[in-house]
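Chemist: need a structure here:
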Amino acid sequence: MKKILKPEEGDYYLSPEGYRVFTEQYHLKRGYCCENGCRHCPYGFNKKRK
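Modeler: Numbering: from 1, shown residues only. Now for the predicted structure:
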């Protein structure tokens, strides 16, 4: 079952373009890989290898 978490301090930062970038801390709390190629994915997913 997928979790919906309310982001807390340290879970993301804003890129220079204004996008929300989730950190490894957030991904680990969520507990699964979304397979979107996130910049800080702790699960080792790589879109190019899929």
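
Chemist: all strands of the chain, in order?
Modeler: 12-14, 20-22 (DSSP state E).

Chemist: a markdown table please, covering these and showing mean neighbour count and mean pLDDT.
Modeler: Using the backbone N, CA and C atoms, a C-beta is placed for each residue, glycine as well. Below are the strands of the chain laid out as a markdown table (neighbours: other CB atoms under 10 Å; pLDDT from 0 to 100):
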| stretch | mean neighbour count | mean pLDDT |
| --- | --- | --- |
| strand 12-14 | 12 | 96 |
| strand 20-22 | 14 | 94 |
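
Chemist: so which of those gets nearest Asn36?
Modeler: Across the strands of the chain, Asn36 has its closest neighbour in strand 20-22 (10.1 Å, CB to CB).

Chemist: strand partners of that closest one, parallel vs antiparallel please.
Modeler: strand 12-14 (antiparallel) (DSSP bridges).

Chemist: for Glu35, which of the strands of the chain is the nearest?
Modeler: It is, among these and with distance given as CB to CB, strand 20-22, at 14.0 Å.
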